[in-house]
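# next comes the sequence, and after it the predicted model I'd like to discuss.
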Amino acid sequence: MHHPFDEVTEAELRRRQSAKWRYYGPDILPAWVAEMDYPLAEPIRAALHAAIDDHDCGYADPRGLGDAFAPFAAREWKLDVRSADVHVVCDVVTGIEAILRVATAPGDAVLIEPPVYMPFAMTIRGLGRVVVEAPLAHDGATYAPDLAAIERAYAAGARVHLLCSPQNPTGIVYSREALRAIAELADRHGVLVLADEIHAPLTLPGATHVPFPSVSPEAARRSILLTSASKTWNLAGLKAAMMIAFSDGPREILAKLPPETPYHAGHLGILAARTAFAEGDSWRRSVLAIVDRNRALLGELLREHLPEVRYVPPRASYLAWLDCRDLGLGADPAKAFLDRGRVALSPGPPFGTGGEGYARLNLATTRALLEEAVVRMAAARR
């Protein structure tokens, strides 16, 4: 399958000044941070150009983002979002930090399920809270939440659970049954679930995302949903995210946040996100099509060039979690890929328990660059 986004060239991408393309030197092929290599959605480009043409680069007005997100959530997941319950923040990690500041105290335990998005643990520790782990269960083929380990952590005193759903880096999509079980346990033990669902609009064919607060009254009572248009529409640098409550307890927590919190979001980010949710679905479907193609293509390329690497295609997002332990490249195979193959992947160890011997590869690129990335990876083992 050829996709229009395959026409993007490496020369065009190297004109970009974002972290993905500027962090490493010009001889390194970047396949690490979660930025896409695709053109922006045309409605978003038009909205941003209009703002520039109107010299409109002032402070953000957070009103209106909830109005744009609520119809999208209703269409996509049948999720009932009240605009008044949408609190704007600059990004999801900052939102997590802000909530932990008002909902926990130094020394409180916060649960994560590694391997998981590395800023979770860094944020918890940076606030003087204690990281508690319930590592994902892994049967050699795929991952799933370890409900027994989660229950033990809750019973031992965890106050908050940072839930990454869909999960980064493994690409799993939590089942409704698992989410309902987590909600029941959280309600029983008085745990607040912060559901990072930033990858939800990128759920791929064959899987169905279920928003955590929707699975039961207990889930709505015990959770705050955090999300953003940033990952799905490639807007991370524009800074606009949401924290959403669905019940009175979470509403009271969000009401404690400093009143200036939403005004740290980016004005252009809010304009772009509003446009994405209202007019960006055609572009999103194009992204889902090429990422679906690429997750299958990566399997073919690995079988041809790196058959030792074990890979289960992600069910959501554009991040591939690669088991490279049989290559004999040590705890951090990404270092060998970088040093000897001149291709940059995200190292596995920072994702926590279960990350040693793994690396994360960004699939949101062209066919030519994905093929080149795997060829370079194969050169690193020689």
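Okay, I see it.

# ok, Val375 touching His305?
Yes - between Val375 and His305 a contact is recorded at 6.2 Å, counting by C-beta atoms under 8 Å. Where you see a C-beta, it was placed from the backbone N, CA and C, and this is true even at glycine.

# list the contacts for Leu202?
Taking C-beta atoms under 8 Å, 6 or more residues apart in numbering, we find Leu202 in contact with Pro166, Lys231, Thr232, Arg284, Val287, Leu288, Val291, Ala316, Ser317, Tyr318.

# which residue packs closest to the fifth one, ignoring adjacent ones?
What that stands for is Val287. Tyr38 (6.5 Å; C-beta to C-beta, 6 or more residues apart in numbering).

# next, count neighbours for the one you found.
23 (other C-beta atoms under 10 Å).

# name the SS class of Gly107, please.
Secondary structure state of Gly107, per DSSP: H, G, I helix; E, B strand; the rest coil, is coil.

# for it, phi and psi?
Note on Gly107: backbone dihedrals following degrees, to the nearest 10 are phi 90, psi -10.

# tally of neighbours for it?
Gly107: 9 neighbours (other C-beta under 10 Å).

# now it: closest residue in space that isn't a chain neighbour?
Going by C-beta to C-beta, 6+ apart, Gly107 has Val130 as its nearest residue, at 6.4 Å.

# beta partners of that neighbour?
Ala109 (DSSP bridges).

# ok, it to Val160 distance?
Using C-beta to C-beta, to the nearest Å, Val130 is found at 11 Å from Val160.

# give me the common contacts of those two.
By C-beta under 8 Å, 6+ apart, the residues touching both Val130 and Val160 are Asp108, Val110.

# for the helix of greatest length in the chain, packing partners?
For the chain, the longest helix by residue count, based on DSSP state H, is helix 281-305. Applying 3 or more C-beta pairs under 8 Å, 6 or more residues apart in numbering; DSSP states H and E, one finds that helix 281-305 contacts helix 42-53, helix 230-233, strand 310-311, strand 319-323, helix 367-379.

# CSV please, covering these and showing mean pLDDT, distance to Ala60 and mean neighbour count.
As requested, those are arranged in CSV below (pLDDT from 0 to 100; distance: least, C-beta to C-beta, whole Å; neighbours: other C-beta atoms under 10 Å):
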stretch, mean pLDDT, distance to Ala60, mean neighbour count
helix 42-53, 98, 11, 15
helix 230-233, 98, 14, 24
strand 310-311, 96, 40, 16
strand 319-323, 98, 28, 24
helix 367-379, 98, 34, 20
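
# got JSON lines for the ones you listed, with distance to Ala137 too?
Converted to JSON lines, the helices and strands packed on helix 281-305 look like this (distance: least, C-beta to C-beta, whole Å):
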{"stretch": "helix 42-53", "distance to Ala137": "39"}
{"stretch": "helix 230-233", "distance to Ala137": "25"}
{"stretch": "strand 310-311", "distance to Ala137": "16"}
{"stretch": "strand 319-323", "distance to Ala137": "15"}
{"stretch": "helix 367-379", "distance to Ala137": "28"}
